[in-house]
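Trainee: Here is the input, now give the coordinates:
(2 chains)
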Amino acid sequence: MKQNLLALISGVIFGLGLCISRMADPNKVLNFLDVTGNWDPSLMLVMGGALAVTLITFRFILKQAHPVLTEKFQLPTKKDLDTRLILGATLFGIGWGMIGFCPGPAITAIGFGLTSPYIVVVMMLIGFLTHKLLLDKG
Amino acid sequence: MENFTPYSALAGGVLLGISASLLLLFNGRIAGISGILSGVFTTSNSAEKVWRLLFLLGMVVAGFTYQLLFPDSFVEREDFPLSLLLIGAFIVGFGTRMGGGCTSGHGVCGIGRLSKRSIIATVVFMTSGVATVYVIRHVFGAVL
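Mentor: Residues are numbered from 1 along each chain as shown, chains lettered A, B, ... in the order given. Down below sits the predicted model:
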């Protein structure tokens, strides 16, 4: 119960962060990626602000024996670089550069009452499913 | 650079960091949105589904509330090609699963715990994103 409430609160804070920083505006993101055009560096400060927090807190948090409400930390286990990581990240960047939406802003934008975020989320889900069927069997 | 909004960008970024810290500290989970969203469909464990859906619901509620308090903060893009939206969003979905994360999972949380994979992934998707916008805006000259 507490875990669910915590997840909800974290989600609200995350969504607010994306609205206040305006990262939920795909044009703002595209203007960040447009380094040779009318460049808008804001996204760099968004990441900078987020990392200023996580680089400090994660060090402290991951030294704890276990999370406050659960038995263990569930972290990614892969350590080495592989083709899927590089190719997947390359593809993600291409799609991101085409539409200006990554998953977080697309979900948050569902709350705006506009049509395109629904289209983006549905197509993203179809992308997830296609990956599952083609590359992540079993 | 007249569109640059340093203070709201930093403030919003700090909120993302606080959110990710809370989720890790209390629930032991990484706030990676593509992973949280895809997990809703890949797990058969109902407790797993519930916390993921609540996190995502929280994000939607935040968007709804913000737009309610500050009407028309976010508006629909005029004349954005539907085909580009469909294909781009599909590639975002496919690519984030193949690469095991997106801007939040790799960019904020992964770099936050100094994961080599996440640092490399972030450099790679930033680079391919920049290259893609360059091609669309400056090679094809599309104003999108």
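Trainee: can you pull out the helices in the chain?
Mentor: You didn't pick a chain, so chain A it is. A:2-20, A:26-33, A:42-61, A:83-99, A:103-109, A:116-135 (DSSP state H).
Trainee: Not quite, go with chain B.
Mentor: Counting by DSSP H, the helices of chain B are B:6-22, B:33-42, B:46-69, B:82-98, B:111-112, B:116-134.
Trainee: closest to A:Lys2 out of the ones you listed?
Mentor: Between A:Lys2 and the helices of chain B, the shortest gap by Cβ to Cβ is with helix B:46-69, which sits at 10.6 Å. In short, each C-beta sits where N, CA and C put it, glycine included.
Trainee: which helices and strands sit right next to that closest one?
Mentor: For helix B:46-69, the elements it packs on are helix A:2-20, helix A:103-109, helix B:33-42, judged by 3 or more Cβ pairs under 8 Å, 6 or more residues apart in numbering or on different chains; DSSP states H and E.
Trainee: Need the winner for burial among the helices of chain A.
Mentor: helix A:103-109 (a mean of 30; mean count of other Cβ atoms under 10 Å in any protein chain shown).
Trainee: For chain A, give me the ranges with low pLDDT.
Mentor: A:137-138 (pLDDT under 70).
Trainee: before we move on, back to that, please tabulate the helices of chain A in a markdown table, including the columns distance to chain B.
Mentor: Shown next, in a markdown table, are the helices of chain A (distance: least, Cβ to the nearest Cβ, whole Å):
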| stretch | distance to chain B |
| --- | --- |
| helix A:2-20 | 2 |
| helix A:26-33 | 4 |
| helix A:42-61 | 2 |
| helix A:83-99 | 3 |
| helix A:103-109 | 4 |
| helix A:116-135 | 2 |
